[in-house]
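> Requesting a structural model of the entry that follows:
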Amino acid sequence: MKFDKSNALFTSREEATFIGHCSISPLYSKAADIAVELLRAHQQRGGAPLIEAYMEQLNELKAHAAALLHTQPENIAFVKNTSDALSMVANGYPFEPGDEVVTFVQEYPANFHPWRLQERTRGVELKLLSSRPAREDIPPEVVGGWSMEELESLITPKTRVVALSHVQFTSGYAANLRELGQLCRERGIDLVIDAAQSLGVQPIYPEEMNIAAVASAGWKWLLGPMGTGILYTSPEFREKLRPVQVGAEAMVQEFDFMNLEWNPVATARRFEFSTSPVYLVAALATCLRDIHARYGADAIFKEVIRLQEIFLDKLDNPGLRPLLFGPEHRSGILSIHCENLKSATAKLAENKIVCAPRSGLLRVAPHFYNTEEDMVRLADVLNGVTGPGK
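Numbering: from 1, shown residues only. As a prediction, the model looks like this:
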């Protein structure tokens with residue numbers, strides 16, 4: 001696969017080398033262009049040009065997101081962020097007192113607090129997978145991964161939902177979604193996945209993997225603007241959920257505002273209960289069309305792992321210890337335990353390299369447009385970091 005890595009697509013490269021796509025990524029240049037174009041149209045002519053573009057852009061976004069996930073557009077909804085999506089899912093789920101949800105002890109808040117709320121208000125029990133250290137030579141409190149064996153031991157006849165991130169945001173540990181989905185299929189459990197740290201860089205095919213819902217922000221690996229996200233739900237799962245936020249666009253009659261009949265749509269459009277920001281929708285649709293539909297998740301992931309391996313081959317500093325998981329648990333995030341993280345981040349800033357420190361770890365997260373030279377330079381800079389181990 002030949003990737004276009006030109007600076008024109010990501011003008012941020014003129015200012016710095018960005019290798020932290022697990023945080024807020026640089027916005028794809030053409031996505032910024034169309035957002036500004038629509039904002040200017042709004043500024044100059046009011047809402048008329050936006051109304052014309054609104055459904056066209058929303059439909060394009062759903063078509064490309066559906067292709068990325070190997071599903072149909074009617075299973076895709078545009079949302080503001082992962083928390084927005086998972087709150088609608090958790091609050092709408094038909095829990096009974098005593099029902100159980102299994103999640104990870106250090107899960108990202110977007111896929112933790114919505115379920116904790118059900119525990120506090122609806123009598124649901126939240127059961128937590130423990131963290132397994134990634135290495136023996138780093139402090140045990142550093143977040144690692146979790147085990148399928150422990151997950152199986154936590155499941156009971158009362159377990160209704162397993163809610164996990166595909167990729168843990170600190171350690172980079174990736175769940176084996178096929179194995180996880182098969183377990184949930186066998187036990188009759190709904191699998192809800194936070195894909196903010198994987199959608200756009202790793203393959204996620206919910207219908208092949210038995211995933212009931214997938215939620216993701218649009219401004220990390222999808223390279224879109226803040227305030228955007230995607231929610232996938234299977235038709236069977238949607239039927240279980242009661243609406244918790246409603247408006248004109250959640251109804252079949254949609255823009256017929258004089259018709260107040262209660263008639264919610266059956267598709268994922270029910271989660272788009274009010275007007276979406278067309279500028280942001282168009283920007284994310286552009287990213288999906290130009291990048292993810294062009295290259296595909298499998299090719300992008302292969303390139304990202306190749307770039308990580310180039311970096312690892314050049315890294316030579318005993319004070320920096322990569323968290324290396326087995327091939328089935330690799331992700332776009334390569335986390336490194338640094339004995340002197342403050343010195344490492346200062347050294348990177350001095351050399352205009354952006355990575356993403358978090359919870360005592362330095363997260364190296366290249367995307368397809370990073371180059372071999374980027375990864376070698378990153379290793380060279382980090383090899384010069386001094387600390388207790390060097």
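> which SSE is Leu231 in?
strand 229-233 (DSSP states H and E).
> moving C-terminal of that strand, what's the next helix or strand?
Downstream of strand 229-233 (by DSSP H and E), the next one is helix 235-240.
> sorry, back to before: and the strand holding Leu231, how far from the chain's centre?
Going by CA atoms, centre = their mean, to the nearest Å, the spacing between the C-alpha centre of strand 229-233 and its chain's C-alpha centre is 10 Å.
> Show me what that strand is packed against.
helix 48-69, strand 76-79, helix 82-92, strand 213-217 (3 or more CB pairs under 8 Å, 6 or more residues apart in numbering; DSSP states H and E). The C-beta positions use only the backbone N, C-alpha and C, and glycine is treated the same way.
> For Phe255, which non-adjacent residue is spatially closest?
Ala248 (6.8 Å; CB to CB, 6 or more residues apart in numbering).
> Quick check: the gap between the one you found and Asp84.
18 Å (CB to CB, to the nearest Å).
> Those two: which is more packed in?
Remark: of Ala248 and Asp84, Asp84 carries more neighbours, 18 against 15, as counted by other CB atoms under 10 Å.
> Please name the residues that touch the closest residue to that one other than its chain neighbours.
In space, and not counting its chain neighbours, Asp84 is closest to Gly229: 6.7 Å by CB to CB, 6+ apart. Listed by CB atoms under 8 Å, 6 or more residues apart in numbering, the contact set of Gly229 reads 78-82, 84-85, 215-218.
> Which single one of the residues you listed is nearest to Cys338?
Ala217 (26.2 Å; CB to CB).
> Looks like the closest one contacts Thr228 (just checking).
Yes: using CB atoms under 8 Å, Ala217 is in contact with Thr228, at 7.3 Å.
> Give the residues shared as contacts by the two.
Counting by CB under 8 Å, 6+ apart, the shared contacts of Ala217 and Thr228 are Asn81.
> which of those two has more neighbours?
Applying other CB under 10 Å to Ala217 and Thr228 shows that Ala217 carries more neighbours, namely 28 against 25.
> List the residues that contact Gln57.
278, 281-282, 285.
> Need the pLDDT of it.
We note a pLDDT of 94 for Gln57 in this prediction.
> what's the answer for the one 5 residues further on, then?
Looking at Lys62, its pLDDT reads 97.
> That one contacts Pro73, correct?
Yes: the pair formed by Lys62 and Pro73 meets the contact definition of CB under 8 Å, at 4.0 Å.
> who has more neighbours, those two?
Lys62 (26 against 18).
> Mind splitting this protein into its structural domains?
11-28+296-383, 41-294 (automatic domain parsing).
> can you tell which of these is closest to Lys5?
domain 11-28+296-383 (4.7 Å).
> who does the closest residue to Glu125 other than its chain neighbours bridge with?
Spatially, and ignoring its direct neighbours in sequence, Glu125 is nearest to Glu100 (4.8 Å; CB to CB, 6+ apart). Listed by DSSP bridges, the beta-bridge partners for Glu100 are Glu125, Thr159.
> Enumerate every residue touching Glu100.
Applying CB under 8 Å, 6+ apart, the residues near Glu100 are 124-127, 156, 158-160.
> most surrounded residue in the residues you listed?
Val124 (23 neighbours).
> Leaving out chain neighbours, which residue sits closest to it?
Using CB to CB, 6+ apart, the closest residue to Val124 is Gln118 (4.1 Å).
> so what secondary structure elements neighbour the helix or strand where the one you found lies?
Taking DSSP H and E as the criterion, Gln118 maps to helix 113-122. Secondary-structure packing of helix 113-122 (3+ CB pairs under 8 Å, 6+ apart): helix 82-92, strand 100-104, strand 125-129.
> which of the residues in that helix are buried?
Going by neighbour count (16 or more other CB atoms under 10 Å), the buried part of helix 113-122 is 114-116, 118.
> Pull the residues that contact it.
83, 86-87, 89-91, 93, 95, 97, 101, 103, 124-126, 161, 163.
> Looking at the helices and strands packed on helix 113-122, which is nearest to Phe3?
helix 82-92 (26.9 Å).
> The closest one relative to strand 213-217, how many degrees between them?
150 degrees (axes from the mean of the first three to the mean of the last three CA atoms, to 10 degrees).
> for helix 82-92, packing partners?
By 3+ CB pairs under 8 Å, 6+ apart, helix 82-92 packs against strand 76-79, helix 113-122, strand 190-194, strand 213-217, strand 229-233.
> Dump these into CSV; add mean pLDDT and distance to Phe271 as well.
Converted to CSV, the helices and strands packed on helix 82-92 look like this (pLDDT from 0 to 100; distance: least, CB to CB, whole Å):
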stretch, mean pLDDT, distance to Phe271
strand 76-79, 98, 4
helix 113-122, 98, 14
strand 190-194, 98, 14
strand 213-217, 98, 10
strand 229-233, 98, 6
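> can I get these in JSON lines with distance to Met1?
Formatted as JSON lines, those follow (distance: least, CB to CB, whole Å):
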{"stretch": "strand 76-79", "distance to Met1": "25"}
{"stretch": "helix 113-122", "distance to Met1": "37"}
{"stretch": "strand 190-194", "distance to Met1": "26"}
{"stretch": "strand 213-217", "distance to Met1": "23"}
{"stretch": "strand 229-233", "distance to Met1": "23"}
